[in-house]
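[1] 3D, please:
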Amino acid sequence: MEISVFAPAKINLFLEVTGKRENGYHDLATLFAKLAIGDDIKISAQRAQETKIELKIKGPFGAGLKADKSNLAYKAAKAFFEHFEIKADCNIRLEKNMPLGSGLGAGSSDAAAVLTGLCSMFNIELNSKRMKELVNIAAKLGADVPVFLYPETFFKAEGIGEILTPVKSKISSPWVIIAYPGEGSDTTEAYKRLTLNPQEKILTHISNLNKLIYSIESGSPLHDYANLIYNKLEDSVLPYKGSVAQLKSELLSLGAHYALMSGSGACVFALVQDEQKAKGIVKNMSKENRTLFLTHFWRT
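    Residues are numbered from 1 along each chain as shown. Below is the predicted model:
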């Protein structure tokens, strides 16, 4: 048997860090938006006496990724077979289209795609009980993995990212420009440099997040909601990562309505209503070592 699975990338339309736990993890209030770009995965598997997992990686960004037990796609397959007590000979071919260290959640999406793909292959019905089991498996792989198990495009996430609330959308997607500077950004370093906002400011930002969600649910036009987008982690990345700051500056100077770093970087996204304008920005942004994508929100 063989199955093809698409692993959509994401951006954070909003990200506020609301606190830090004793174990070092940070509490977040964020809004995920999945994109119509991502990695492509093919899985073939058949039952066997012992489990064997083989991972092969190709694609424009495949060279920078290890095809071993440290890879999230491999870990996801291993966790699936162990949890459901299935022994199989499994081959995973990952087409790595998304850059590494980009803030697009591609590794997490790959893991979720492997989990859902294997469920389909081995006829595991994803009823509410099974879905809870799958979410628990996903959460152990990484905080961003569970959101990619679900079909919805927009999700509000709280806690360390594990408390998920789907956001129904009536908006028509603007054009989304994704710009990658050619080098990744370190999430651990971003959080190390982070200074939390005062509580009053955090509450104001949470109010803006709720307004942003309402705008998406009610189908508001871009200019009504894009000024509400926000990413606290810009404070601890842009001053230290000139290539990322430069991307944001260029996107705005070339006429993007709004631009924001996604997650902990290094990608910056811009929202543009007009297609020709968006294409013009991409053309003018193109430089050696940079990667640019022109896309839209997934399933909108």
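[2] List the neighbours of stretch 44-53 that are in contact with it.
    Residues outside stretch 44-53 that contact it (C-beta atoms under 8 Å, 6 or more residues apart in numbering): 1-3, 74, 77-78, 81, 86-92, 118, 121-122. Heads up, the C-betas are built off the backbone N, CA and C, glycines and all.
[3] ok, now stretch 113-120?
    Stretch 113-120 is contacted from outside by 3, 5-7, 39, 41, 43, 45, 73, 76-77, 79-81, 90, 92, 124, 126, 130, 134, 137-138, 148-149, using C-beta under 8 Å, 6+ apart.
[4] Let me see the ranges of the strands in the stretch 151-300 of the chain.
    For the stretch 151-300 of the chain, the strands defined by DSSP state E, counting those that start in this stretch occupy 154-159, 163-167, 175-180, 230-231, 258-261, 268-272, 291-295.
[5] Quick check: buried residues in the second one?
    Spelled out, it's strand 163-167. Within strand 163-167, the residues scored as buried using 16 or more other C-beta atoms under 10 Å are 164, 167.
[6] in its sheet, what does it sit against?
    strand 154-159 (antiparallel) (DSSP bridges).
[7] now swap in the third one and tell me
    For strand 175-180, the pairing partners within the sheet under DSSP bridges are strand 268-272 (antiparallel), strand 291-295 (antiparallel).
[8] tell me the mean pLDDT over the first one?
    Mean per-residue pLDDT for strand 268-272: 97.
[9] Name the residues that touch that strand?
    11, 174-179, 222, 226, 229, 244, 247-248, 251-252, 255-262, 278, 281.
[10] Mind checking which of these are buried?
    By 16+ other C-beta under 10 Å, the contacts of strand 268-272 give 11, 174-179, 222, 226, 229, 244, 247-248, 251, 256-262, 278, 281 as buried.
[11] So for Ile202, which of the strands of the stretch 151-300 of the chain sits nearest?
    Nearest to Ile202, of all these, is strand 230-231, at 11.1 Å by C-beta to C-beta.
[12] For the closest one, which strands pair with it and how are they oriented?
    Strand 230-231 is paired, per DSSP bridges, with strand 2-20 (parallel).
[13] quick one: buried residues of the next helix or strand after the partner strand?
    Downstream of strand 2-20, the next assigned helix or strand under DSSP states H and E is strand 26-47. Neighbour-count burial for strand 26-47, counted by 16+ other C-beta under 10 Å, picks out 26-41, 43, 45.
[14] Going along the chain from strand 26-47, find the next helix or strand for me.
    strand 52-58.
[15] how about the CA coordinates for that following strand, as PDB?
    Extracted in PDB, the C-alpha atoms of strand 52-58 (Å, rounded to 0.1, in the frame of the first residue of the first chain):
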ATOM      1  CA  LYS A  52      11.400  -1.400  10.100                       C
ATOM      2  CA  ILE A  53      11.200   2.300   9.200                       C
ATOM      3  CA  GLU A  54      13.100   3.700   6.300                       C
ATOM      4  CA  LEU A  55      13.100   7.500   5.700                       C
ATOM      5  CA  LYS A  56      14.300   9.100   2.500                       C
ATOM      6  CA  ILE A  57      14.500  12.900   2.000                       C
ATOM      7  CA  LYS A  58      14.800  14.900  -1.200                       C
END
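[16] Cool, thanks, talk later.
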